[in-house]
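J.: Mind folding the following:
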Amino acid sequence: MSLDALGAGLAAAYDGLVAEAVPERLSALLRRLEGREAGTGPETGRAGRRPDGAHAVGGLPAGRLALLVGDVPAAGEAAALLARAGLETARCIDPEAGLEALRRQGGGVALVLIGLPTARDGALDGAGLARAVATLWPTIHLVVAQPPRPEARVPEALLPPQAVPLDRAPDLLVLAERAARSPRPPVA
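T.: The predicted structure follows:
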């Protein structure tokens, strides 16, 4: 066997090992253990833990996160569904805070849930944030929660095509599980 053939065989074996992904639930458990050992994880109550149980934007943990931006209907229930799917939640009070969280932690965000409408005079609104997420972070799953009243809804034309409208809570669980288990591939 030539040295080149041996090198090619080792490279192929290494590529196979790198291609194997750690299951998402196992990696979430590992992140929790690492955070506990570092004394900054969600179990310690330090580094951005808020009284309502969600992570503050400044203390976003590494890994698969879900951002809840603006006035998300039934935010507590939504956070519980996201946690059930294996995602940790971070609340952002408005679209600008959501954009700042994405700038800092975009690689660790799996899903963004935007409560619409979040229209604000002269500032970034919910539809603008949805377009920014779709353009700048196309691998992130994007969910928009429209208000029940038709006259208060943001027109579909203002939202990017990959924004999934959310009408029922079970849909959120399905979307969150999809985001946690099968993240979108990076854009080439």
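J.: From here on, just use CA atoms for contacts and neighbour counts.
T.: Will do.
J.: biggest strand in this protein by residues?
T.: strand 109-115 (DSSP state E).
J.: so what are the domain limits for the protein?
T.: Split into domains by automatic domain parsing, the chain comes to 1-47, 54-181.
J.: Which of the ones you listed has the lowest mean pLDDT?
T.: Looking at the domains of the chain, the lowest mean pLDDT belongs to domain 1-47 (a mean of 55).
J.: Would you map the strands across this protein?
T.: Listed from the start of the chain, the chain has strands (DSSP E) covering 65-69, 88-92, 109-115, 141-145, 164-166.
J.: now those strands in JSON lines, with mean neighbour count?
T.: JSON lines is the format used below for the strands of the chain (neighbours: other CA atoms under 10 Å):
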{"stretch": "strand 65-69", "mean neighbour count": "27"}
{"stretch": "strand 88-92", "mean neighbour count": "26"}
{"stretch": "strand 109-115", "mean neighbour count": "27"}
{"stretch": "strand 141-145", "mean neighbour count": "23"}
{"stretch": "strand 164-166", "mean neighbour count": "17"}
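J.: Throw those into a markdown table and include distance to residue 103, thanks.
T.: As requested, those are arranged in a markdown table below (distance: least, CA to CA, whole Å):
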| stretch | distance to residue 103 |
| --- | --- |
| strand 65-69 | 12 |
| strand 88-92 | 13 |
| strand 109-115 | 10 |
| strand 141-145 | 16 |
| strand 164-166 | 22 |
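J.: For residue 158, which of those strands is the nearest?
T.: strand 141-145 (11.9 Å; CA to CA).
J.: I appreciate the help and will end here.
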